[in-house]
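# Everything below, folded, please.
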Amino acid sequence: MRIVLLGATGFVGHHLLPELSKAGHHCLALSRYKPGCRDLTVIPRVEVRQSSGYDTDSLSRYFDGADAVINMVGILNESGRSGKGFMKVHTGLVENIIEACRSSAVRRFLYVSALNAGKGNSHYLISKGLAEEKIRAADDLDSTIVQPSVIFGDGDSFFNRFAGLLKLAPVLPLACPDARMQPVWVGDVAAAITAAIADPETIGQTLIMVGPKEYSLRELVEFTARSAGLKRKIVGLPDSLSRLQGYLMDFVPGKPFSSDNYRSLQTDNTSVENSLWRFGIQPKSIGSVVPGYLKGSPHQHQLDNCRRRVDR
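A predicted model of the protein is given here:
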């Protein structure tokens, strides 16, 4: 199968592309900055091509001759606070992809969304939910929607980010400490997507992917500290201060936290349903994976990643 992927040069894509290659698929990964993706070019049957824009006409040219399209493009924060950035990246891009699939005669489309998309009042979840609505309405496409919880693994932006914050000071003021999450390992997500893209029984379905256990955000940050070998005090903030922290962080470069993140955390990121089992995947726990990459050196992680890709 020839697959075109958008957003595959990020964290999840670095784990998904080797799985797709191992399954015999030929992959074209589109990137806005190809020089930063040299490590992906060593994976067999993977081509990285630079694309300056994702308008319908440009996408149609890339989709020509493809058997399937996978979209993993997403942002956790936007420039500004209006929601326009989320709508452009999530909903607008999906509209362009749908039209490009039609003009290129590509029917198979898999979209990596987010658990509980469309629920709550954050721009992130709302825009993801609207994108899903567009996909479900396109009944001329053979679409599958994937809804993962927070994805963890070597190179993630969750446990690694908190580990970085914990190294800065002995005390960490934590917004929304009681928010519930069910982190899922990136390797399990990659394996499930690889199985789903070639499985016609997943067409028209929404696949929920979560880990084996749910936690509060406080529990996850405390686990991060222990895994990184750090003795830190985690101070959970009440709702009013959590909201205030999000507002103030809206104006900090890079937005380590934001008002929209605060609103997203008001919706539990958990599920009693788990589609991983249908593919014979037993979800890995955070305890079996996270300590290994939080304690190891970045140089060792890079060597391990290279060895995994060469072996495949």
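# Which parts of the stretch 201-312 of the chain are strands?
206-209, 215-216, 233-236 (DSSP state E, counting those that start in this stretch).
# give me every residue that touches the residue nearest to Lys233 when sequence neighbours are not counted.
Of all residues not flanking Lys233 in the chain, Val171 sits nearest, at 4.8 Å (Cβ to Cβ, 6 or more residues apart in numbering). In this view, the C-beta of every residue, glycine as well, is placed from N, C-alpha and C. With contact taken as Cβ atoms under 8 Å, 6 or more residues apart in numbering, Val171 is in contact with Arg232, Lys233, Ile234, Val235.
# Show me which pair in those residues is furthest apart.
Arg232 and Val235 (9.9 Å; Cβ to Cβ).
# which neighbours do those two share?
With Cβ under 8 Å, 6+ apart as the test, Arg232 and Val235 both reach Val171, Leu172.
# about what we covered before: Glu214: which of the contacts of Val171 is nearest?
Relative to Glu214, the closest of the contacts of Val171 is Ile234; by Cβ to Cβ it sits at 18.2 Å.
# so where's the stretch 201-312 of the chain shaky on pLDDT?
For the stretch 201-312 of the chain, the stretches with pLDDT under 70 are 296-312.
# if you set the cut-off to 90 instead, what comes out?
Applying pLDDT under 90 to the stretch 201-312 of the chain picks out residues 254, 256, 295-312.
# can you pull out the helices in it?
217-227, 239-249, 259-264, 290-295, 298-311 (DSSP state H, counting those that start in this stretch).
# returning to that earlier point: next, the residue nearest to Lys233: phi, psi?
As for Val171, its main-chain torsions (degrees, to the nearest 10) stand at phi -130, psi 130.
# gap between it and Ser31?
39 Å (Cβ to Cβ, to the nearest Å).
# now do Asp55
According to Cβ to Cβ, Asp55 stands 16 Å off from Ser31.
# Could you pull out the helices in the stretch 51-200 of the chain for me?
56-63, 84-86, 93-104, 123-137, 159-166, 186-197.
# hmm, back to that, okay, Asp55 and Ser31: which has more neighbours?
Ser31 (20 against 13; other Cβ atoms under 10 Å).
# you'd agree that one is up against Ser52?
No - assessed by Cβ atoms under 8 Å, Ser31 is found out of contact with Ser52, at 10.3 Å.
# Arg232 and Val235: which is more packed in?
When neighbours are counted by other Cβ under 10 Å, Arg232 and Val235 differ, and Arg232 comes out ahead with 19 against 12.
# for the residue nearest to Ala138 when sequence neighbours are not counted, what are its contacts?
Using Cβ to Cβ, 6+ apart and skipping residues adjacent in sequence, the residue nearest Ala138 is Ile98, 5.0 Å away. Ile98 makes contacts with Phe109, Lys134, Ile135, Ala138, Leu141, as judged by Cβ under 8 Å, 6+ apart.
# So which of these is the closest to Lys88?
Lys134 (13.6 Å).
# which residue packs closest to the closest one, ignoring adjacent ones?
That would be Val94: by Cβ to Cβ, 6+ apart, it lies 5.3 Å from Lys134.
# any idea how far Tyr111 is from that neighbour?
Computed as Cβ to Cβ, the Val94 to Tyr111 distance reads 7 Å.
# shared neighbours of those two, which are they?
Each of Asn71, Ala131, Ile135 lies in contact with both Val94 and Tyr111 under the rule Cβ under 8 Å, 6+ apart.
# Scan the residues you listed and report the most crowded one.
That'd be Ala131 among those, by other Cβ under 10 Å, with 29 neighbours.
# Cheers, nothing more for now.
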